[in-house]
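Trainee: what's the 3D shape of this:
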Amino acid sequence: MIDAALIAAYSAAHYEVSADASAGLAAPFVLRVDVASPELLDLYRRHGVSQAAYLTACNPHSTMLSDADNRARMDELAQTLRALAGQGPARSPTDSDARSYMNLHGRGTDPSGAWPGEASVLVLGMSEAEARELGTRFGQNALLHAGADGVPRLVLLRERTTVHWGDEPGTAGRADREGREIARPFFLLHTHPPGRAI
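Mentor: You can find the predicted model right below:
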């Protein structure tokens with residue numbers, strides 16, 4: 001289950017974007033949830049897009065994997081993005097037009113230093129629907145998506161459920177007697193708090 005403290009950690013994480021000369025990005029910058037990014041808006045202008053997604057394939061459903069396994073998953077994500085852009089050997093059945101994605105490497109980090117960072121990628125031009133499909137495919141609880149305003153927002157990929165306090169087993173999905181809700185991973189991002197995959 002994802003409690004309020006964990007959700008707060010997702011929201012407080014720093015989503016770093018690495019410098020990339022080929023993308024016209026001379027210096028790295030950091031995305032923050034619900035904070036407009038001038039650097040992201042500048043990338044939009046340079047590449048003629050109006051949206052972007054920030055994704056990871058690491059540590060699916062909060063299961064910590066080895067560095068080697070996470071690298072393999074990120075390689076698979078990169079291959080999938082190339083294919084979706086019409087640059088790889090395969091195309092999605094729903095892909096009617098070649099996409100032109102610009103992918104920039106990144107890393108989700110915990111500003112408190114309590115959790116290790118996770119390799120990530122900023123995908124310029126990706127819609128929220130496409131990002132949700134990929135995030136779900138790679139077992140993530142959440143990701144970031146920014147629209148034309150350049151504000152990254154946490155996108156939750158898992159359903160919210162409630163529990164009935166003090167009742168018999170198997171009553172998840174109902175409110176308790178005082179109407180309290182318990183969130184199950186429905187998140188993220190991620191985007192994710194670094195070190196705890198989302």
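Trainee: CA only for contacts and neighbour counts going forward, please
Mentor: Will do.
Trainee: phi, psi of D149?
Mentor: phi -80, psi -10 (degrees, to the nearest 10).
Trainee: cool, and M126?
Mentor: phi -90, psi 130.
Trainee: contacting residues around it?
Mentor: 51-53, 101 (CA atoms under 8 Å, 6 or more residues apart in numbering).
Trainee: what does M102 give?
Mentor: 23, 123-125.
Trainee: Out of those, grab the one that's most surrounded.
Mentor: Counting neighbours by other CA atoms under 10 Å, L124 leads those with 23 neighbours.
Trainee: Let me see the contact set for that one.
Mentor: Neighbours of L124 in contact, by CA under 8 Å, 6+ apart: 44, 49, 51-53, 101-103.
Trainee: make it 7 Å
Mentor: Residues near L124 by CA atoms under 7 Å, 6 or more residues apart in numbering: 49, 51-53, 101-103.
Trainee: and which of the residues you listed is nearest to G147?
Mentor: Set against G147, the nearest of those by CA to CA is Q51 (4.4 Å).
Trainee: Assess the claim that that closest one and A148 are in contact.
Mentor: Yes. Contact criterion CA atoms under 7 Å: Q51 and A148 qualify, at 5.6 Å.
Trainee: In terms of neighbours, single out the busier of the two.
Mentor: Q51 (23 against 12).
Trainee: how close does the residue lying closest to the more buried one once chain neighbours are set aside get to A27?
Mentor: Closest residue to Q51 apart from its sequence neighbours, by CA to CA, 6 or more residues apart in numbering: G147 at 4.4 Å. Distance of G147 to A27, given as CA to CA, to the nearest Å: 22 Å.
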